[in-house]
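K.L.:
from the sequence below, what's the structure:
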Amino acid sequence: MRILSGAQPTGTLHIGNYLGAIKQWIELQKSNNLDKKSGCIFLIVDLHAITIPYDPKQMQKNILSVAMDYLAAGIDPKKNIVCIQSQIKEHAELAWLLETITPIGELERMTQYKEKSQQHKENINAGLFSYPVLMAADILLYKATIVPVGDDQAQHLELTREIARKFNYKFGQTFPEPKTQLSKFGARIMSLDNPEVKMSKSLPNGCIFLSDSPETIREKIKTAVTDSGKEIKFDEKNKPAISNLLTIYHLFSNKSIPVLEKQYKGKGYAEFKKDLAEVIIKGLRPIQETRKKLEKNPRLVEKILAEGTKKAQKIARKTMGEVKRKMGLM
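P.N.:
A predicted model of the protein is given here:
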């Protein structure tokens, strides 16, 4: 079993990234069935990050920041591979080869492409369009069997499976069809100021970053939108804001939703939100403490990334050799 996932270096990670993906990674790395040579592979997908407007001067800083977040959250570099996508040229090479068997119609129906095109109308580029094929290459390059992602990436995983089938049918059995693994609860953490949209770095007021101070967290939770009425009850249809806050509370405290509903029965939003803020602060404290230590030793993080790249390149080269031979390119 080989597990692969990753995040874009577009700034500091937030609790949506942590609860929806990274927390799941921490548990998966403990599995006894992992590939002994690689464990889990956790990418920093910088090639994906350049499909939307970005500051080149900040890119290396952002890459190092995401690596620190991974390590601070609990990713063990001794058991797993942590590496930077762009440092392994086979990602882009395989993406091009896979594009030759990917129907344009499949890419046109991708929901995320439509959403990103609306958000960045001044920068609708070919990379944004073919983003899912690069993601497929990321996964198939390492012959990953399980890919833990947020539910916004589930459609891309289905396309990856289809591309794997097409390649295997046309050139011979090469790639396993990776399985999507979503968080059982909290795969989609919503914005604090708009429960209809996913928590995002681009909406900082509705987003709690892993690096936010206790004072900032308290203020953001205090001003988080709520629903009409006073009942603290999980009801995503009629009370989406409170349901989102209950989800966050549950994931940080490990208390079940029914237990939380009973705990705050007859109590107001103010008391609930005050307690929620403290639960988040407590949950992030060990991550922030480890992160501060890593910030004092960036060369250690750079060394971990360099070692991870070497390990990943070995796997990538082997896969590309097989792919090229089967496609008649070697």
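K.L.:
so what's residue 220 up against?
P.N.:
Residue 220 makes contacts with 192, 205-208, 212, as judged by C-beta atoms under 8 Å, 6 or more residues apart in numbering. Where C-beta positions appear, they are placed from N, C-alpha and C, glycine not excepted.
K.L.:
average model confidence for stretch 317-328?
P.N.:
In this model, stretch 317-328 has a mean pLDDT of 98.
K.L.:
what residues of it count as buried?
P.N.:
319-320, 322-323, 326-327 (16 or more other C-beta atoms under 10 Å).
K.L.:
in helices, which of those appear?
P.N.:
Counting by DSSP state H, the buried residues of stretch 317-328 place 319-320, 322-323, 326 in helices.
K.L.:
turn the residues you listed into TSV, including distance to residue 39.
P.N.:
Below are those laid out as TSV (distance: C-beta to C-beta, whole Å):
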residue	distance to residue 39
319	17
320	21
322	22
323	23
326	27
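K.L.:
counting by contacts, list what the helix or strand encompassing residue 23 packs against.
P.N.:
Using DSSP states H and E, residue 23 falls within helix 23-28. For helix 23-28, the packing partners by 3 or more C-beta pairs under 8 Å, 6 or more residues apart in numbering; DSSP states H and E come out as strand 3-7, strand 40-44, strand 146-148.
K.L.:
number of residues surrounding the residue nearest to residue 214 when sequence neighbours are not counted?
P.N.:
Of all residues not flanking residue 214 in the chain, residue 281 sits nearest, at 4.7 Å (C-beta to C-beta, 6 or more residues apart in numbering). Residue 281 has 20 neighbours, counted by other C-beta atoms under 10 Å.
K.L.:
surely residue 281 meets residue 215?
P.N.:
No. Assessed by C-beta atoms under 8 Å, residue 281 is found out of contact with residue 215, at 9.5 Å.
K.L.:
hey, which helix or strand in the protein has the poorest pLDDT?
P.N.:
helix 111-119 (a mean of 74; mean pLDDT, DSSP states H and E).
K.L.:
after that helix comes which helix or strand?
P.N.:
helix 126-141.
K.L.:
and residue 154, helix, strand or coil?
P.N.:
For residue 154, the assignment made with DSSP: H, G, I helix; E, B strand; the rest coil gives helix.
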